[in-house]
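Asks: when you get a sec, could you give me coordinates for this:
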Amino acid sequence: MKAPMSAASPRAAIATLAALMRSRRFAPLFWCQFFSAFNDNFVRNMLAMLILFRLGEQGAGVLVTLAVGIFVLPSLLLSGLGGEMADAQDKGRLARILKAAEIGVQLVAAAGLWLASLPLLYTALFGLGVIAALFGPLKYAILPDLLKTEELIAANALVEAATFAAILLGLIAGGLSAARSSESVTLQLLLIALACWGFSLFIPATSRAAPGLRITPNILVSTGALLREVRRERQLWSRSVAVSWFWMTGAVALSLTPVVIRDRTGGGIGVETAVSALFAIGIGIGSMAAALIAKGRILLRPVLFAAIGMGLFLIDLGVSTSRLPTARATIGLEAFFTSAAGLRVSFDVAGLACAGGLFVVPLFTAIQADAPAAWRSRIVAGVNVLNSSLIVAGVAATAALQSRAVGLSEPFLLGGLGVLTLGFAIYVRRCVAAAA
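Replies: Predicted coordinates for the structure are as follows:
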């Protein structure tokens, strides 16, 4: 006779993950956001490949960087509006409207691809950035409306793991698009958009969290009001800052690691793709570990240890690669993964990602659960604005430190980021202590 599963057993946590993936309350939203994240990164990298390999534009690096800026800018400007819209309306209906609009944006992207038109592709990328900014608050704020509190951490773990997997797959597919026909890529663009919209049709309706809320026409005013609301409650603010530190750390580390792999180990594109895959898998493992450890509870104790882990893995990645000489030849997957340097880099990247997943999932779940229902979407929007702001600041500071005027090496910057993250763990301790 089998022993019954207690509510706090690991088997129960795994059963919750599996049940969510079969549930009408969660599965449509999961697949809708998965294909959305895939599509955003597919189009962005497709544009980069078109610039680099088909059009052969001069100043390609500037144009590729411009693409990143065009996509991120709406998150800074429109997240507040997205939060207000989600709190004022039925979130399921709003999701369907946004995903229907995404079909039109994909048509613009398809036209840009056919005509090899950078203006059209940049327009499409901006459109996707707008939809992502408006959809972001909704996709996280709707979870407490549809799920039980004990299901939240498992749902967030699944969303975070799937998001990073979708980002990786989208980047790979976008990179491969340069070698494929315009017809097949256009078909893929339309199929992805239709899949997003199709799954959105099954997202359950929700009641209006703030039915009397009036949309603020001035987006700068609404964004400022959101940040003030998040700032007003110390515990909510500290958790939000901690989540934003994770996203900034990930963005900076992912911008530095490919350079280190190329310059210090000689790893080619295949190696860089494989290491990116390790990062996505690591985030998934860390996210699932957070759900299994929590066993349905909102448990913040692992967050401090995860922050320390992130710092230590970054320091080891910087120190170990700083000792390597400049690579003189390009190596493939087999040579990289059979070398001591390659294995150490892989271990550090995977460890950093696992710690990152274990760090961010409990924190964001706590933000969702504790935010007032009438303000939840706007709180999430405020966190998104903080995320984008810290990412932009971190990447800009890194670029300045890499410039010829300063000339700091990538391994030094990775190690320095690790030291800062260890220092940030002291700040994180305040979040943990406040909720313990």
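
Asks: SS state for Gly212?
Replies: coil (DSSP: H, G, I helix; E, B strand; the rest coil).

Asks: just give me the neighbour total for it.
Replies: By the measure other Cβ atoms under 10 Å, the count of residues near Gly212 is 7. C-beta coordinates here come from the backbone N, C-alpha and C atoms, glycine included.

Asks: for it, give its distance to Ala274.
Replies: Distance, Gly212 to Ala274, using Cβ to Cβ, to the nearest Å: 52 Å.

Asks: what sits against Glu102?
Replies: 36, 39, 127-128, 131, 193, 196-197 (Cβ atoms under 8 Å, 6 or more residues apart in numbering).

Asks: typo on my end, Arg231
Replies: Counting by Cβ under 8 Å, 6+ apart, Arg231 touches Trp237.

Asks: tell me the secondary structure for it?
Replies: Following three-state DSSP, Arg231 is assigned to helix.

Asks: ok, now the one 4 residues further on?
Replies: Three-state call for Gln235 (three-state DSSP): helix.

Asks: and stretch 251-263, how far out from the chain's middle?
Replies: Taking Cα atoms, centre = their mean, to the nearest Å, one finds stretch 251-263 lying 17 Å from the centre of the chain it belongs to.

Asks: which other residues reach it?
Replies: With Cβ under 8 Å, 6+ apart as the test, stretch 251-263 has contacts from 267-268, 271-272, 275-276, 279, 314, 317, 321, 326-327, 345, 349, 352, 391, 394-395, 398, 410-411, 413-414, 417.

Asks: what do you get if the cut-off is 7 Å, keeping everything else the same?
Replies: For stretch 251-263, the surrounding residues in contact (Cβ atoms under 7 Å, 6 or more residues apart in numbering) are 267, 271-272, 275, 279, 314, 321, 326-327, 345, 349, 352, 391, 394-395, 398, 410-411, 413-414, 417.

Asks: again, but for stretch 306-319
Replies: By Cβ under 7 Å, 6+ apart, stretch 306-319 touches 249, 253, 345, 348, 351-352, 355-356, 358-359, 411-412, 414-415, 417-419, 421-422, 424-425, 428.

Asks: please redo it, this time with the cut-off set to 6 Å
Replies: 348, 351-352, 355-356, 358-359, 411, 414-415, 417-418, 421-422, 425, 428 (Cβ atoms under 6 Å, 6 or more residues apart in numbering).

Asks: circling back: going by neighbour count, which of the contacts of stretch 251-263 are buried?
Replies: With neighbours counted by 16 or more other Cβ atoms under 10 Å, the contacts of stretch 251-263 contain buried members at 267, 271-272, 275, 279, 314, 321, 345, 349, 352, 391, 394-395, 398, 410-411, 413-414, 417.

Asks: show me those residues that map onto strands.
Replies: Judged by DSSP state E, strands contain none of these.

Asks: of those, which belong to helices?
Replies: Of these, the ones assigned to helices by DSSP state H are 271-272, 275, 279, 314, 321, 345, 349, 352, 391, 394-395, 398, 410-411, 413-414, 417.

Asks: got a list of contacts for stretch 163-179?
Replies: Residues contacting stretch 163-179 (Cβ under 6 Å, 6+ apart): 34, 37-38, 41-42, 45-46, 49, 53, 185, 276-277, 280, 283.

Asks: for the helix or strand Phe71 falls within, buried residues please.
Replies: In the assignment (DSSP states H and E), Phe71 maps to helix 60-88. Across helix 60-88, burial judged by 16+ other Cβ under 10 Å covers 63-64, 66-68, 70-88.

Asks: going on from it, what's the next piece of helix or strand?
Replies: helix 91-115.

Asks: buried stuff in that next one?
Replies: Within helix 91-115, the residues that qualify as buried are 91-92, 94-96, 98-99, 101-102, 105-106, 108-110, 112-113, counting by 16+ other Cβ under 10 Å.

Asks: quick check, nearest of those residues to Trp375?
Replies: Proximity of those to Trp375 (Cβ to Cβ) peaks at Lys91, which lies at 13.9 Å.

Asks: contacts only, for the closest one.
Replies: Applying Cβ under 6 Å, 6+ apart, the residues near Lys91 are 138, 142, 206.

Asks: packing partners of the strand or helix carrying Gly342?
Replies: Assigning secondary structure by DSSP H and E places Gly342 in helix 340-370. Helices and strands touching helix 340-370, by 3 or more Cβ pairs under 6 Å, 6 or more residues apart in numbering; DSSP states H and E, are helix 149-176, helix 234-260, helix 269-294, helix 301-322.

Asks: now the angle from the shortest one to helix 269-294?
Replies: What it means is helix 301-322. Angle between the axes of helix 301-322 and helix 269-294 is 160 degrees (criterion: axes from the mean of the first three to the mean of the last three Cα atoms, to 10 degrees).

Asks: run the chain-centre distance for helix 301-322.
Replies: That offset, for helix 301-322, works out to 19 Å (Cα atoms, centre = their mean).

Asks: the domain parsing of the chain - what is it?
Replies: Following automatic domain parsing, one finds the domains of the chain at 25-151+167-209, 219-436.

Asks: what's the least confident stretch among those?
Replies: Note on these: domain 25-151+167-209 shows the lowest mean pLDDT, a mean of 84.

Asks: okay, how far is it across it, tip to tip?
Replies: 18 Å (Cα to Cα, to the nearest Å).

Asks: chain center to that domain, what's the gap?
Replies: Chain-centre distance of domain 25-151+167-209: 13 Å, with Cα atoms, centre = their mean.

Asks: buried residues in stretch 398-418?
Replies: 398, 401-402, 409-418.

Asks: wait, stretch 373-387
Replies: Using 16+ other Cβ under 10 Å as the test for burial, stretch 373-387 gives 375-387.

Asks: quick one: the residues you listed as TSV, columns for secondary structure and distance to Pro217 too.
Replies: Below are those laid out as TSV (DSSP: H, G, I helix; E, B strand; the rest coil; distance: Cβ to Cβ, whole Å):
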residue	secondary structure	distance to Pro217
Trp375	helix	20
Arg376	helix	22
Ser377	helix	18
Arg378	helix	16
Ile379	helix	21
Val380	helix	21
Ala381	helix	16
Gly382	helix	19
Val383	helix	23
Asn384	helix	20
Val385	helix	18
Leu386	helix	23
Asn387	helix	24
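
Asks: which elements pack onto the helix or strand that Trp197 is a member of?
Replies: Trp197 belongs to helix 182-200 when assigned by DSSP H and E. Other helices and strands packing on helix 182-200, by 3+ Cβ pairs under 6 Å, 6+ apart, are helix 27-49, helix 91-115.

Asks: who's in contact with that helix?
Replies: Applying Cβ under 6 Å, 6+ apart, the contact partners of helix 182-200 are 28, 31-32, 35-36, 39, 95-96, 99-100, 102-103, 106, 109-110, 113-114, 177.
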